[in-house]
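> how would this look folded up:
(2 chains)
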There are 2 protein chains.
Amino acid sequence: MTTSTPASALVKSPAEDGKVYYSYADIHESVSRLVPTLREEFQPDVMIAIGGGGFIPARMLRTELKAPILAISLELYDDATNTIRPKGVVCHQWFDENSEPGKLVQGGNVLIIDEVDDTRTTLQYAVELLLEKCQPKRVGVCVVHNKNKPKKGILSKDVAYYAAEEVEDHWLCYPWDAAEYGRSIVQHETLARQCSEESCGSSS
Amino acid sequence: MTTSTPASALVKSPAEDGKVYYSYADIHESVSRLVPTLREEFQPDVMIAIGGGGFIPARMLRTELKAPILAISLELYDDATNTIRPKGVVCHQWFDENSEPGKLVQGGNVLIIDEVDDTRTTLQYAVELLLEKCQPKRVGVCVVHNKNKPKKGILSKDVAYYAAEEVEDHWLCYPWDAAEYGRSIVQHETLARQCSEESCGSSS
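Below is the predicted model of the structure:
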């Protein structure tokens, strides 16, 4: 696994509840900062968005990378065992490798996109399933946030790895989940702004 | 086609360039306002996001509607003819009706999601393809914006129709396309805020 993170990262501190809140603009800015690196180093022919977390960053990236998006759906079940091969992941939707843009996967540079790399289990599964079913020239993984913590999943050294932000192991609250926390988007984005100001909370 | 739009709509005026700019929060607020109606009237078992435009509103809706998202990819080619059957649309990705959550489409309430209803061509094609391939109990269409203009595409009266906003026939600029217009997301969202203030431009 070769890794890349942009030089200037977003500085966010946890809110009083210990969670870190992100606005849509935060996410958009973070993935945009990755674009020059993705263009120069990886040149994706096609993106695979892991649904639903990858949908929003993939759509944001598409405007700048001009690569079409395929969507897959994977679900990570709770896994008591600590085995490397992630049996706990189930595939709900795949794509047709014989029609456009699925065809671009064969022999192409394929960038798998998700919101957060937490345990890495889903990402490992996505990469392995892709290599089992198709023969891409090169596989990359791109996430908005990589949590700085021990990983269960492993990505082989051939996989190019791009994280828009390296973050501590906090609970990350995304704007599309605002209702999950009982908040309107305006309330959520106010919190997200507070987490971007030095006066807010502490990450210690 | 039965239609529903929420009572309190977002008031936006065009910017000086005649285009109307939307922030992510604008889009999120608009689709959120549809949620009570969608829950009461339609109760979707599964959503079908038309990629890439439907990805972001579908992911926003998923948190509140709790329905899984299937993704399809359709491309509308320029169509010189004015025929009702939209031959100009090509399907790039469909889903597997035999595995979860594709199975939910058979006999289920299926909500097709896109960003904007402009000519209605893509939406008609999506509905027809769905009815050709599957036997849903009920089909609904949900868009963020319905442009108030004559439509090429036709949706049958059995199709439930939900538009988060009814808008004039302006050029709509979405935040995920900010780079398309040579702007950072911060610049785009500033313009979007200006379009929400009475002092900005005129819709006459």
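> use CA for all of it now, contacts and neighbours both
Fine.
> surely A:Gly108 and A:Phe42 touch.
No: if you go by C-alpha atoms under 8 Å, A:Gly108 and A:Phe42 don't touch, sitting 10.6 Å apart.
> strand partners of the helix or strand bottoming out on mean pLDDT in chain A, parallel vs antiparallel please.
Here the helix or strand of chain A ranked lowest by mean pLDDT, DSSP states H and E is strand A:2-4, holding a mean of 74. Using DSSP bridges, the strands paired with strand A:2-4 are strand A:160-167 (parallel).
> ok, and what's touching the partner strand?
A:1-6, A:9-10, A:30-31, A:33-34, A:42, A:139-148 (C-alpha atoms under 8 Å, 6 or more residues apart in numbering or on different chains).
> show only the entries of these found in strands.
Using DSSP state E, A:2-4, A:139-147 are the members of the contacts of strand A:160-167 that sit in strands.
> quick check: the farthest pair among the residues you listed?
The distance between the two most remote of the ones in strands among the contacts of strand A:160-167 (C-alpha to C-alpha) is 20.8 Å, for A:Val139 and A:Lys147.
> going by secondary structure, A:Asp169 is in what exactly?
Assigned by DSSP states H and E, A:Asp169 belongs to neither a helix nor a strand.
> can you check the pLDDT for it?
Note for A:Asp169: predicted pLDDT of 96.
> what's the local residue count around it?
The number of residues packed near A:Asp169 is 13, by other C-alpha atoms under 10 Å in any protein chain shown.
> my read is that A:Gln135 contacts A:Val105, right?
Yes: with contact defined as C-alpha under 8 Å, A:Gln135 reaches A:Val105; the gap is 7.2 Å.
> where does chain A come near chain B, residue by residue?
A:24-25, A:28-29, A:51-53, A:55-56, A:59-60, A:63-64, A:69-73, A:92-96, A:99-102, A:176-177, A:179-180, A:184-186 (C-alpha under 8 Å from any C-alpha of the partner chain).
> try it again at 6 Å.
For chain A, the contact set with chain B under C-alpha under 6 Å from any C-alpha of the partner chain comprises A:55-56, A:60, A:63, A:92, A:100, A:176-177.
> most neighbours of all the ones in strands among the contacts of strand A:160-167, which one?
Among the ones in strands among the contacts of strand A:160-167, the one with the most neighbours (other C-alpha under 10 Å) is A:Cys142, at 30 neighbours.
> any idea how far A:Ser99 is from it?
Going from A:Cys142 to A:Ser99 by C-alpha to C-alpha, to the nearest Å gives 24 Å.
> now do A:Ile72
15 Å.
> can you check A:Ile27 too?
Separation of A:Ile27 from A:Ser99 (C-alpha to C-alpha): 31 Å.
> so where is chain A shaky, pLDDT-wise?
A:5-9, A:77-87, A:198-204 (pLDDT under 70).
> where do the strands sit along it?
Per DSSP E, chain A carries strands over the ranges A:2-4, A:19-21, A:46-51, A:69-76, A:89-93, A:109-117, A:138-147, A:160-167, A:171-173.
> contact partners of stretch A:93-111?
A:44-47, A:72-73, A:134-141, B:92 (C-alpha atoms under 6 Å, 6 or more residues apart in numbering or on different chains).
> next, the distance between the ends of that stretch.
Using C-alpha to C-alpha, the end-to-end distance of stretch A:93-111 comes to 17 Å.
> equivalent analysis for stretch A:10-22, please.
End-to-end for stretch A:10-22, by C-alpha to C-alpha: 10 Å.
> what does stretch A:43-60 give?
16 Å.
> wait, which of the ones in strands among the contacts of strand A:160-167 is closest to B:Cys195?
A:Val144 (29.2 Å).
> coming back round to it: mind putting the ones in strands among the contacts of strand A:160-167 in JSON lines, distance to A:Leu155 included?
Below are the ones in strands among the contacts of strand A:160-167 laid out as JSON lines (distance: C-alpha to C-alpha, whole Å):
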{"residue": "A:Thr2", "distance to A:Leu155": "10"}
{"residue": "A:Thr3", "distance to A:Leu155": "11"}
{"residue": "A:Ser4", "distance to A:Leu155": "14"}
{"residue": "A:Val139", "distance to A:Leu155": "10"}
{"residue": "A:Gly140", "distance to A:Leu155": "10"}
{"residue": "A:Val141", "distance to A:Leu155": "9"}
{"residue": "A:Cys142", "distance to A:Leu155": "12"}
{"residue": "A:Val143", "distance to A:Leu155": "13"}
{"residue": "A:Val144", "distance to A:Leu155": "17"}
{"residue": "A:His145", "distance to A:Leu155": "16"}
{"residue": "A:Asn146", "distance to A:Leu155": "14"}
{"residue": "A:Lys147", "distance to A:Leu155": "15"}
